[in-house]
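Student: next come a sequence and a model predicted from it.
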2 protein chains.
Amino acid sequence: MIIDIHGHYTTEPQALHMFRDRQLAGLADAARKPASTDLGISDEVLVKSVEPQLKFQKDRGSDLTIFSPRASGMAHHVGSEPVSRQWTTICNDLIHRICRLLPENFVAAGQLPQFPGVSPANCIPELERIVNELGFVGVNLNPDPTGGYWTDPPLTDRYWYPIYEKLCELEVPAMIHVSSSCNPNFHATGAHYINADTTAFMQLIQGNLFKDFPTLTFVIPHGGGAVPFHWGRYRGMSLDMKKPPLAEHVMKNVFFDTCVYHLPGIELLVKVIPADNILFASEMIGAVKGIDPETGHYFDDTKRYIDQVSALTEEHRHKIYEGNARRVYPRLDALLTRRGHPAAAVA
Amino acid sequence: MIIDIHGHYTTEPQALHMFRDRQLAGLADAARKPASTDLGISDEVLVKSVEPQLKFQKDRGSDLTIFSPRASGMAHHVGSEPVSRQWTTICNDLIHRICRLLPENFVAAGQLPQFPGVSPANCIPELERIVNELGFVGVNLNPDPTGGYWTDPPLTDRYWYPIYEKLCELEVPAMIHVSSSCNPNFHATGAHYINADTTAFMQLIQGNLFKDFPTLTFVIPHGGGAVPFHWGRYRGMSLDMKKPPLAEHVMKNVFFDTCVYHLPGIELLVKVIPADNILFASEMIGAVKGIDPETGHYFDDTKRYIDQVSALTEEHRHKIYEGNARRVYPRLDALLTRRGHPAAAVA
């Protein structure tokens, strides 16, 4: 079984975008506020909207995608906390419906109603709702709800502890994923995303978060940002800072996905990061949608790259494609086991 | 000849730090302002202070280092514009003295008196002074003088054009290098530096700067941040944005250094980035000072990694170690030619 742990709903029906326009217009002119949160999107339209993803799953040979709302759409910095809350509920509900309609193809991960300067404790009710009531297996946590100005505290600050406590209690991992950038210095997918991945990892080196939360699990997407390319730098800095070896200090709790869109990048990733810490992902229909003229294949068809790395054993591949995902997402493992998929051999 | 294009003066005499303390104390209490900008540092003390660098040059087999003030010391966000100006002059003067005392070992690059919200045109007098009067061959340009809040315009904004005009006129390349971070989210050398490299490259993809300045040359340090690891992402995004191929759009003007502190990182760098765009550098006595317990060698002894990459031809190596540096830093080439070093064979 091949599990793609990083998919966003980037093919939403127009009705969702129209709702968002009216919701935000309502901030300036209350008369424009949407009268209802019922978007009037039929099941048929929802299924139709994810046909591109289903086709890619089939063409590229993946089975199941952990599916969450569009990352850049979260836009926690926009509007107000109640706006973020309403928007989050609507986006999560759509994901839930898709995963209920196509349970063999999609499993749900959620967004949280974060807002700059507001304690992440405000996210607990929505987190409990999507996990306990809707069966979500993961969640995206935005390390910079300001959208590129980085004025909230680092991830290791006690500010974040309430949400970590709840994540541990629910056995839900968080993907550390920023949203769109309102800072003209940072292109969203070309700079802000990658910077956030790098920044989060360095914060974890500096702090001691997993001593306080030994079971907290973070997925750092986009192959860990710049981290594998600078793995010597991070090992060396960590030593200079008298931290324990990275394997012990952070790598029991931190996992990188494979959203790296060329073969040499994937080769480096699997060379320096242990196979136990790598989760297959493509973020398909995401940041890079085109075909690489050098290969004739889609840039984001990451399975092709992994399949080409001869240094990977079958055991490594099994971990990357399925085993690690079931270990990192215990609720996914339980779901698959209930559905009769044999338990993954876990190291 | 082996030229290390990225060295900072990180072993400054205590007198410099004491001056800085008094300078900044003077902002709060004018009575504490230093009476003079003469630090009273003798030539002997200066030479002594760079003995560690001289030893590493000898031990590791490099000849000449392009030497600039400590990057984190620039701290453009601290104090006021006059403070930044005074501090810059003093730091540049020390570099000048060291390069005059040890001309076979060091060639000078400068810092600029940038200040958040102040037009970079304010840097032109100091740039002219260090190049025309002191013989500096390069300069560090801080893309985020705020120290991690990124509220000044992107590098492609016309805001920066006056300094670009002067750099082109003087034939001086700029290394795009941030300084210390006052944002608790960003560890300086572990996140802010690498993020800035990635951010700058993406800004250059988005813009069209080199159409306006065909001879402007930027060095992006630390191996280009995350860029080589995500080379497929950048190629793909650039295609999606209907930009010309990167080779034409940015890579005639942008160069990456080799400050990547492990062999697999260097292997990736030289695999995806053309040898014509890579400049040897170690940033020794910089971000990572220790010895890698896995190899028994210093993390930042980058020459060892390059020498181990069997895919590099002798021609590639010559470009990386000398030829490209002489092409990117025309004033360095002129200096070496005047000193009787044979002109580098340039592609």
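Tutor: On my side now, so go ahead. Numbers count the residues shown, from 1 in each chain, chains lettered A, B, ... in the order given.
Student: now do the contacts for the residue lying closest to A:Cys91 once chain neighbours are set aside.
Tutor: Nearest non-adjacent residue to A:Cys91, counting by CB to CB, 6 or more residues apart in numbering or on different chains: A:Pro69, 3.8 Å away. In short, each C-beta sits where N, CA and C put it, glycine included. Counting by CB atoms under 8 Å, 6 or more residues apart in numbering or on different chains, A:Pro69 touches A:His8, A:Tyr9, A:Thr88, A:Cys91, A:Asn92, A:Leu94, A:Ile95, A:Gly110, A:Gln111, A:Asn140.
Student: and the last one, how many neighbours?
Tutor: Around A:Asn140 sit 23 other residues, with neighbours defined as other CB atoms under 10 Å in any protein chain shown.
Student: cool, and the fifth one?
Tutor: A count of neighbours around A:Asn92, defined by other CB under 10 Å, yields 25.
Student: so where does it fall, helix or strand?
Tutor: A:Asn92 is part of helix A:81-101, with elements assigned from DSSP states H and E.
Student: other SSEs contacting that helix?
Tutor: strand A:3-9, helix A:14-28, helix A:43-49, strand A:64-69, helix A:71-74, strand A:106-110, helix A:124-128 (3 or more CB pairs under 8 Å, 6 or more residues apart in numbering or on different chains; DSSP states H and E).
Student: give me the contact status of stretch A:10-20 with chain B.
Tutor: No: judged by CB under 8 Å from any CB of the partner chain, stretch A:10-20 and chain B are separated, with a smallest distance of 13.3 Å.
Student: pLDDT wise, what is A:Ala344 at?
Tutor: Note on A:Ala344: pLDDT of 60.
Student: okay if I get the helices and strands packed on helix A:81-101 as CSV plus mean pLDDT and distance to B:Val254?
Tutor: Shown next, in CSV, are the helices and strands packed on helix A:81-101 (pLDDT from 0 to 100; distance: least, CB to CB, whole Å):
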stretch, mean pLDDT, distance to B:Val254
strand A:3-9, 98, 30
helix A:14-28, 97, 36
helix A:43-49, 98, 40
strand A:64-69, 98, 35
helix A:71-74, 98, 26
strand A:106-110, 98, 37
helix A:124-128, 98, 43
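Student: nearest to B:Lys271, out of these?
Tutor: strand A:3-9 (25.1 Å; CB to CB).
Student: does that closest one come close to chain B?
Tutor: No: Strand A:3-9 does not reach chain B (CB under 8 Å from any CB); its nearest approach is 13.8 Å.
Student: and stretch A:17-29, what's buried?
Tutor: Applying a neighbour-count criterion of 16 or more other CB atoms under 10 Å in any protein chain shown, one finds A:Phe19, A:Arg20, A:Gln23, A:Leu24 buried in stretch A:17-29.
Student: can you redo the residues you listed as TSV with distance to B:Pro342?
Tutor: Shown next, in TSV, are those (distance: CB to CB, whole Å):
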residue	distance to B:Pro342
A:Phe19	70
A:Arg20	65
A:Gln23	69
A:Leu24	65
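Student: for these, which one is nearest B:Ile320?
Tutor: A:Arg20 (49.7 Å).
Student: apart from its neighbours in sequence, what residue is nearest the closest one?
Tutor: For A:Arg20, the spatially nearest residue (CB to CB, 6+ apart) is A:Trp87, at 6.8 Å.
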